[in-house]
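Enquirer: How does the following fold in three dimensions:
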Amino acid sequence: MKQNSYTIVLSPDQQKKLISLLSNPKYKAVQVPHTQVAAAAENCRINLYNSGKCLVQGKGAEEWITFTLEPEVTGEARLGYEAVLDPESIQPHMGIDESGKGDLFGPLVIASVYTDEKTVEILREIGAKDSKRISSDRVALQLASDIRKKLDGKFAIVTLGMEAYNRMYASMKNVNRILAWGHARAIENLLEKVPDCPRALSDKFGPTHRIESALMKNGKKIKMDQRTKAESDPAVAAASILARAAFLNALRNMEKTFGIETVPKGCSSKVKQIATELVADQGPGILLKTCKCHFRTTDQVLAANGYTRADLPCSASSKN
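Expert: From the prediction side, this is the model:
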């Protein structure tokens, strides 16, 4: 699956250049909410949002960026030169990312992916990118399937189910400590398959020493890096997709197990409604099996049914 969607952040001056460029009659103006300008080219669509982000989509997106946007608007060639601009991205390393952290329902999933120069090229060809930029669950699941086929087993997935998660939070009292534990396990598990991997990279969510201190004997040898927006790294992007797919599959399994038509993601009013209905039907203990109980939404759901945290086992009585 070749990548056909790109997001580029433009400076105010670059935005003006793009608006002028798209005023050319060869572009057809279209109406898109929250955009400064939106237009259709021959084989792609260009949306410049009020935030300054330019979204280019379509089978001709890559060509339009290479031969129009970069020379006429940004003034720099980046697409296709990732290895030059970020040489570490093609060197052997693993990327780690998680899914489910901000969702009331479902597990916390952490995935790790090993890449080298050859693997990075393959991942870019199939369109692997940060899962947060993939709006469709169907696309994320298909990409994850494609990625697993190409990685030759050089990945690991750690799934912390709801009951285990709630017990761990009751002990650690901190989500980032749980994340560090999960990242460390994903690193250790992948090192069993790729023992010579020299470096691990993840998004920065807390002090690096938290992950390092959670690593065991094999993991102590690896160089641990954290940085903001690490999802731009192909290995981290692939890990984010595998983690998201595993999380989505876990929600589908929950639907079958607990008789829920659709388990919603996030922590919205719909999430609260479904959780409230679950408690009304099966009692407060169901939250331990389906939800991350430290979320404040738990108190609202319990209160709506006439319960408090005192009605949950002591292991789940704490909150953020």
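Enquirer: Can you tell me how far residue 181 is from residue 288?
Expert: From residue 181 over to residue 288 the distance is 19 Å, taken as Cβ to Cβ, to the nearest Å. C-beta: built from backbone N, CA, C; applies to glycine.
Enquirer: same question, residue 29
Expert: Relative to residue 288, and taking Cβ to Cβ, residue 29 is found at 54 Å.
Enquirer: who has more neighbours, these two?
Expert: Per other Cβ atoms under 10 Å, whichever of residue 29 and residue 288 has more neighbours is residue 288, with 17 against 12.
Enquirer: hang on, isn't that one packed against residue 162?
Expert: Yes: assessed by Cβ atoms under 8 Å, residue 288 is found in contact with residue 162 at 6.7 Å.
Enquirer: Going by the annotation, which residue ranges form each domain of the protein?
Expert: 5-79, 87-252, 267-316 (automatic domain parsing).
Enquirer: Sketch out the strands for the stretch 101-250 of the chain, chain order is fine.
Expert: 108-115, 155-160, 199-203, 223-227 (DSSP state E, counting those that start in this stretch).
Enquirer: End to end on stretch 37-44, go ahead and measure it.
Expert: 14 Å (Cα to Cα, to the nearest Å).
Enquirer: Give the buried residues for stretch 106-117.
Expert: By 16 or more other Cβ atoms under 10 Å, the buried positions in stretch 106-117 come out as 106, 107, 108, 109, 110, 111, 112, 113, 114, 115.
Enquirer: Output those residues as CSV; include the columns distance to residue 47 and pLDDT.
Expert: Converted to CSV, the buried residues of stretch 106-117 look like this (distance: Cβ to Cβ, whole Å; pLDDT from 0 to 100):
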residue, distance to residue 47, pLDDT
106, 31, 96
107, 35, 97
108, 33, 97
109, 31, 98
110, 33, 97
111, 30, 97
112, 34, 97
113, 30, 96
114, 35, 96
115, 30, 94
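Enquirer: Dump the residues you listed to JSON lines, plus distance to residue 52.
Expert: Putting those into JSON lines (distance: Cβ to Cβ, whole Å) gives the following:
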{"residue": "106", "distance to residue 52": "33"}
{"residue": "107", "distance to residue 52": "35"}
{"residue": "108", "distance to residue 52": "33"}
{"residue": "109", "distance to residue 52": "32"}
{"residue": "110", "distance to residue 52": "32"}
{"residue": "111", "distance to residue 52": "31"}
{"residue": "112", "distance to residue 52": "33"}
{"residue": "113", "distance to residue 52": "30"}
{"residue": "114", "distance to residue 52": "35"}
{"residue": "115", "distance to residue 52": "30"}
